[in-house]
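**Student:** Sequence and predicted structure, then a few things I'm wondering about:
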Amino acid sequence: MVNGITQYCRDKLLMLLCNASLTHGDPDELRKIKIQPGDLPTGLLVGTVEIADCTGSPGNYNWILKNPERLQQGLKPKNHPQPVWFYPF
């Protein structure tokens, strides 16, 4: 059975902004992939991705993403990102 959120995702082409965290993450994990703290952007919008589909069930949704695009230059949002939706400008 398709619920309202799943149907909304399927009916609309939704684009998400990809936000880089304000922190660098675990230094040990970064070293494993040969990245130093400071090599990656923090606190910026770094790209976009489209939601192609939504599967799963209430409380356990899975978004199918497509067409990731990295911005040429990160953008600093004026507003603080929230866990779900936010208006960056």
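**Tutor:** Alright, I've got the coordinates. Numbering: from 1, shown residues only.
**Student:** Which strand runs longest in the chain?
**Tutor:** strand 60-75 (DSSP state E).
**Student:** Which residues does it contact?
**Tutor:** For strand 60-75, the surrounding residues in contact (CB atoms under 8 Å, 6 or more residues apart in numbering) are 5-6, 9, 16, 18, 20, 41, 44-56, 88. C-betas here are computed from N, CA, C, even on glycine.
**Student:** next one: stretch 22-30
**Tutor:** So stretch 22-30 is contacted by 36-40, 42-43 (CB under 8 Å, 6+ apart).
**Student:** how about 7 Å then?
**Tutor:** 36-38, 42-43 (CB atoms under 7 Å, 6 or more residues apart in numbering).
**Student:** I'd like the distance from it to the chain centre, please.
**Tutor:** The gap between where stretch 22-30 is centred and where its chain is centred comes out at 17 Å by CA atoms, centre = their mean, to the nearest Å.
**Student:** still on that earlier bit, and the longest strand of the chain, which residues are buried?
**Tutor:** Gly74 (16 or more other CB atoms under 10 Å).
**Student:** can you pull the alpha-carbon coordinates of that strand into PDB?
**Tutor:** This file holds the C-alpha atoms of strand 60-75, laid out as PDB (Å, rounded to 0.1, in the frame of the first residue of the first chain):
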ATOM      1  CA  ASN A  60      11.300   3.200   7.500                       C
ATOM      2  CA  TYR A  61      11.400   5.100   4.200                       C
ATOM      3  CA  ASN A  62      14.100   4.700   1.600                       C
ATOM      4  CA  TRP A  63      14.800   7.500  -0.900                       C
ATOM      5  CA  ILE A  64      16.100   6.500  -4.300                       C
ATOM      6  CA  LEU A  65      18.400   9.300  -5.400                       C
ATOM      7  CA  LYS A  66      19.600  10.300  -8.900                       C
ATOM      8  CA  ASN A  67      21.500  13.000 -10.700                       C
ATOM      9  CA  PRO A  68      23.800  14.200  -8.000                       C
ATOM     10  CA  GLU A  69      25.400  17.600  -9.000                       C
ATOM     11  CA  ARG A  70      28.300  19.200  -7.200                       C
ATOM     12  CA  LEU A  71      28.300  23.000  -7.000                       C
ATOM     13  CA  GLN A  72      31.300  24.600  -8.600                       C
ATOM     14  CA  GLN A  73      31.600  26.700  -5.400                       C
ATOM     15  CA  GLY A  74      30.000  26.000  -2.000                       C
ATOM     16  CA  LEU A  75      27.300  28.400  -0.900                       C
END
